[in-house]
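J.: Pasting the sequence and the predicted model now:
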Amino acid sequence: MDPRSRPYRSVLYIPGSKPRALDKARSLPVDAIIFDLEDAVAAEEKDSARATLADALQQGGYGARVRIVRINGLDTAWGRQDAEAAAKMDCDAILAPKVSSPADLEALAEITADRPLWAMMETPRAMLNAAAIAAHPALQGMVMGTNDLAKDMQTRFRADRLPLLSGLGLCLLAAKAEGKVIVDGVYNAFKDDAGLEVECRQGRDMGFDGKTLIHPAQVDIANAAFAPSEDEIDLARRQIAAFEAAEAAGQGVAVVDGRIVENLHVVTAREILAKADAIAGISG
Ligand SMILES: CC(C)(COP(=O)(O)OP(=O)(O)OC[C@H]1O[C@@H](n2cnc3c(N)ncnc32)[C@H](O)[C@@H]1OP(=O)(O)O)[C@@H](O)C(=O)NCCC(=O)NCCSC(=O)C[C@H](O)C(=O)O
Ligand SMILES: [Mg+2]
């Protein structure tokens, strides 16, 4: 299946070291899960987390949720063992942290062979190399790592994310140019629903496929923000009908709600309906 035809509205990080959270995720309405061996796992738990995670994935029960395993970097004490173990796990993709160039993906692919790869985009160099990273043939998707990016850029937190926008934009352009999935970074204040909603809306407006999350309480907000709204679905249907009627009458342009509708708008309208169908398919 084309990875871009699946919804990625909500992508929840779960520490690979926490059996209770690993179990809870089996019943959460998330589109994808990042099973984390990196930052969410303490150094002394790295080895046991690898085994705990392999067991949980082998037990299964994650349904249609896309299962992505985030390993430690190959430049750490745990990276190589993580990569070898992840290549054997029952998962859909392996996520490499702090990717800065296609060479990082190449080094991982030598260990993980034909497993699909995702890249954490979270260093200033990754922003500058985004196009080359997105073009790597093994790469399926990008995840913005806005915490690490903010750290490396020495930015201050701003609700409008102004300091991060150039990096977010570069990665979006790169992913879209290569037809790869791209999901936005996390919102750390997991009890601040209003702030999360604002950031989800910004991410959706910018073109992200969804948002990475750290807590189950964030899931419904992301699912709603990244799904087509009833109004968008209704407009898409009316645009398609109006354009087909215009075409049948020998015209190349229709007008709906006072705005022109051309072939390119119909492409967008069909994508909206396809996404709504895909969401209904996994929710129903
Ligand atoms: C943030 C947390 C530490 C909060 O944990 P906790 O205090 O246990 O929360 P609750 O008591 O409210 O939990 C209620 C129940 O929900 C389960 N739970 C909590 N978090 C998750 C989760 N992420 N996935 C699944 N289930 C979860 C608890 O087990 C409770 O269940 P139950 O007892 O059965 O009711 C915690 O949420 C947490 O650890 N979150 C993940 C943090 C994480 O993954 N961080 C790393 C990723 S972020 C990052 O690195 C981004 C990037 O690299 C960058 O640079 O930006
Ligand atoms: Mg990070």
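T.: That came through, no problem. Quick caveat: nothing in here was measured; it's all calculated off a predicted structure. Numbers count the residues shown, from 1 in each chain. Ligands and ions are numbered 1, 2, ... in the order given.
J.: can you list the residues of the stretch 51-200 of the chain near ligand 2?
T.: Glu122, Gly145, Asp148 (CB under 5 Å from the ion). Bear in mind the C-beta positions are built from the backbone N, C-alpha and C, glycine included.
J.: And the second one, how close does it get to Pro228?
T.: Translated: Gly145. 27 Å (CB to CB, to the nearest Å).
J.: higher neighbour count, these two?
T.: Gly145 (24 against 18; other CB atoms under 10 Å).
J.: Quick check: that one touching Ala119?
T.: No. In this structure, Gly145 is not within contact of Ala119 by CB atoms under 8 Å, at 9.5 Å.
J.: quick revisit: of the residues of the stretch 51-200 of the chain next to ligand 2, which are in range of ligand 1?
T.: Filtering these for proximity to ligand 1 by CB under 6 Å from any ligand atom leaves Glu122, Gly145, Asp148.
J.: List the contacts of the first one.
T.: Taking CB atoms under 8 Å, 6 or more residues apart in numbering as the criterion, Glu122 is in contact with Pro97, Lys98, Met144, Gly145, Thr146, Asn147, Asp148, Leu149, Asp152.
J.: quick one: Met142 is in a strand?
T.: Yes. With DSSP: H, G, I helix; E, B strand; the rest coil as the criterion, Met142 is located in a strand.
J.: Excluding chain neighbours, what is closest to it?
T.: Ile182 (4.5 Å; CB to CB, 6 or more residues apart in numbering).
J.: In this structure the one you found contacts Gly169, no?
T.: No. Using CB under 8 Å, Ile182 makes no contact with Gly169, being 11.2 Å away.
J.: These two: which has the busier surroundings?
T.: Using other CB under 10 Å, the more surrounded residue of Ile182 and Gly169 is Ile182, with 29 against 14.
J.: how about the more buried one, secondary structure?
T.: Per three-state DSSP, Ile182 ends up strand.
J.: Check which helices and strands the helix or strand Ala177 falls within sits against.
T.: Element membership for Ala177 (DSSP states H and E) is helix 165-178. If contacts are counted by 3 or more CB pairs under 8 Å, 6 or more residues apart in numbering; DSSP states H and E, helix 165-178 sits against helix 124-128, helix 130-134, strand 139-144, helix 146-153, strand 181-184, helix 193-206.
J.: looking at these, which is buried most?
T.: Among those, strand 181-184 has the highest mean neighbour count (mean count of other CB atoms under 10 Å), at a mean of 27.
J.: Tell me which strands it pairs with, and in which orientation.
T.: Partner strands and pairing direction for strand 181-184 (DSSP bridges) are strand 139-144 (parallel), strand 210-213 (parallel).
J.: These: which one's closest to Pro29?
T.: Taking CB to CB as the criterion, Pro29 comes closest to strand 210-213 out of these, the separation being 11.6 Å.
J.: now the closest one, how far from the chain's geometric center?
T.: Remark: strand 210-213 is offset 6 Å from the chain centroid, using CA atoms, centre = their mean, to the nearest Å.
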